[in-house]
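Peer 1: Next comes the sequence, and after it the predicted model I'd like to discuss.
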Amino acid sequence: VESAKFELGPMARAIRVGGVPEHFNYFWRRSRTGVEWTEYPGGSGAMASALKAGELDAALMLTEAAVAEISKGAGMRILGAYTSSPLTWGVHASAGRSKDWQPKRFAVSRLGSGSHLMALVAANSRGEALPDEFVVVGSLDGAREALAAGTADVFMWEKYTTKPLVDSGEWDRVDEVPTPWPCFAVAVSDALDDATLAAFVEVLASVRADADILKASPTAAAAQLSKEYGIRQDDLVDWLQTVTWCARPEMPSATLDLVSKSLLDADILRPDQVRPFQSLVVPGVTRDAPLT
């Protein structure tokens, strides 16, 4: 699967972009002019910390994590949706768990991460008591260790990323939880200058073009992605039918309103922390528009 060729505008320096080491971000592993790509196995919480520390200029974060961080005062904004499709979270438990197993202790990559936020959002949406015992495990590998050792009971992560662990018999997928909004947003630091931001929008356009190429040849794309990420080709063909990359400076205000309300209902945000659309996005750049 070849990459689309784009001539990018001048940038004073490479823009530092972060994302999870998963199939959604395959394009970024390919060389891109003016981009320094870093993968974060710790997920959105780790990327938010890197953005706040000035180690990243942009991050491909879970939408709910980006909204939570910005609402709590982090110096970043949402540039737009990275994907316009939802994410399906697998809820996982050790296949060797005891018969009296109860999902009480949730493994999370870190507090404030997607695995933490979605455990709360999912429980609230079902009218269940919010989980209150979280075990910080750092990454997917840390979750494997925690579930095997019995120090955590359950772990939520993207279902295709974890499917090889289910197929091997290490984990059982006991449930699935789809997000009711686009799964990934592009978050950028408030410190990003206008020229670099404009050049980054061009980079996103090249990623969108690559995504179109990938989806146009699903069998060939699945073979390539399988080699890269160790996921079965038939699973990747199925996944490609469900995912749509947006990668534009667009985000519907109704989507962010829904995310904020869900975070508020799950006690992740206080009422005084909830922000209007224009305070969550890049002013004058991000358009309030339906996603395609």
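Peer 2: On my side now, so go ahead. Numbers count the residues shown, from 1 in each chain.
Peer 1: So what does W89 have for phi and psi?
Peer 2: W89 adopts backbone torsions of phi -80, psi 130, taken as degrees, to the nearest 10.
Peer 1: Geometric centre of the protein: which residue is closest?
Peer 2: Centroid-nearest residue in the chain, with Cα atoms, centre = their mean: L62, separated by 3.4 Å.
Peer 1: Can you get me a residue count around the closest residue to that residue other than its chain neighbours?
Peer 2: Leaving out its chain neighbours, the residue that sits closest to L62 by Cβ to Cβ, 6 or more residues apart in numbering is G114, at 3.9 Å. Where C-beta positions appear, they are placed from N, C-alpha and C, glycine not excepted. Using other Cβ atoms under 10 Å, G114 has 30 other residues around it.
Peer 1: Go ahead and confirm G114 touches A66.
Peer 2: No. If you go by Cβ atoms under 8 Å, G114 and A66 don't touch, sitting 10.0 Å apart.
Peer 1: Please enumerate the shared neighbours of the two.
Peer 2: S44 (Cβ atoms under 8 Å, 6 or more residues apart in numbering).
Peer 1: Please, where are all the strands along the stretch 51-200 of the chain?
Peer 2: 58-62, 76-81, 88-94, 105-108, 133-136, 154-158, 171-178, 184-189 (DSSP state E, counting those that start in this stretch).
Peer 1: Of the ones you listed, which is nearest R248?
Peer 2: strand 76-81 (5.2 Å; Cβ to Cβ).
Peer 1: ok, residues contacting the lowest-mean-pLDDT helix or strand in the chain?
Peer 2: Across the helices and strands of the chain, mean pLDDT, DSSP states H and E gives its lowest value to helix 114-125, namely a mean of 87. Helix 114-125 is contacted by residues 43-45, 62, 64-65, 68, 89, 91, 106-110, 129-131, 134, 155-157, 177, 179-180, 262-263, 265-268 when judged by Cβ under 8 Å, 6+ apart.
Peer 1: chain center to that helix, what's the gap?
Peer 2: Centroid separation for helix 114-125 versus its chain: 14 Å, with Cα atoms, centre = their mean, to the nearest Å.
Peer 1: With stretch 19-31 instead?
Peer 2: Worked out by Cα atoms, centre = their mean, stretch 19-31 lies 12 Å from the chain centre.
Peer 1: Name the next helix or strand downstream of the longest helix along the chain, please.
Peer 2: When the chain is parsed with DSSP state H, its longest helix is helix 194-216. Using DSSP states H and E, the next helix or strand after helix 194-216 towards the C-terminus is helix 218-229.
Peer 1: can you pull the pLDDT of Q233?
Peer 2: On the pLDDT scale, Q233 is placed at 96.
Peer 1: Use 208 as the first number from now on
Peer 2: OK, 208 is where the count begins now, so the last one is Q440.
Peer 1: To what extent is it buried, counted in neighbours?
Peer 2: When neighbours are counted by other Cβ under 10 Å, Q440 registers 16.
Peer 1: Roughly how far does it sit from P425?
Peer 2: For Q440, the distance to P425 (Cβ to Cβ, to the nearest Å) stands at 10 Å.
Peer 1: Of the contacts of helix 321-332, just the buried ones, PyMOL syntax please.
Peer 2: Of those, the buried ones go into a single PyMOL selection, burial set by 16 or more other Cβ atoms under 10 Å:
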select buried, resi 250+251+252+269+271+272+275+296+298+313+314+315+316+317+338+341+362+363+364+384+386+469+470+473+475
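Peer 1: quick one, the one helix or strand S469 maps to and strand 391-396 angle?
Peer 2: Assigned by DSSP H and E, S469 belongs to helix 460-472. If you take axes from the mean of the first three to the mean of the last three Cα atoms, to 10 degrees, helix 460-472 sits at 90 degrees to strand 391-396.
Peer 1: contact partners of helix 460-472?
Peer 2: 270-271, 274-275, 278, 285, 288, 324, 328, 331-332, 387-389, 476-478, 481-482, 484, 487-488, 495, 498.
Peer 1: Let's see that with 7 Å instead.
Peer 2: Under the criterion Cβ atoms under 7 Å, 6 or more residues apart in numbering, residues 270-271, 274-275, 278, 328, 331, 387-389, 476, 478, 481, 484, 487, 495 lie in contact with helix 460-472.
Peer 1: now stretch 395-402
Peer 2: So stretch 395-402 is contacted by L258, D264, A265, G282, M283, R284, L286, L404, V489 (Cβ under 7 Å, 6+ apart).
Peer 1: contacting residues around the fourth one?
Peer 2: Pointing back at G282 there. K259, S396, D397, A398.
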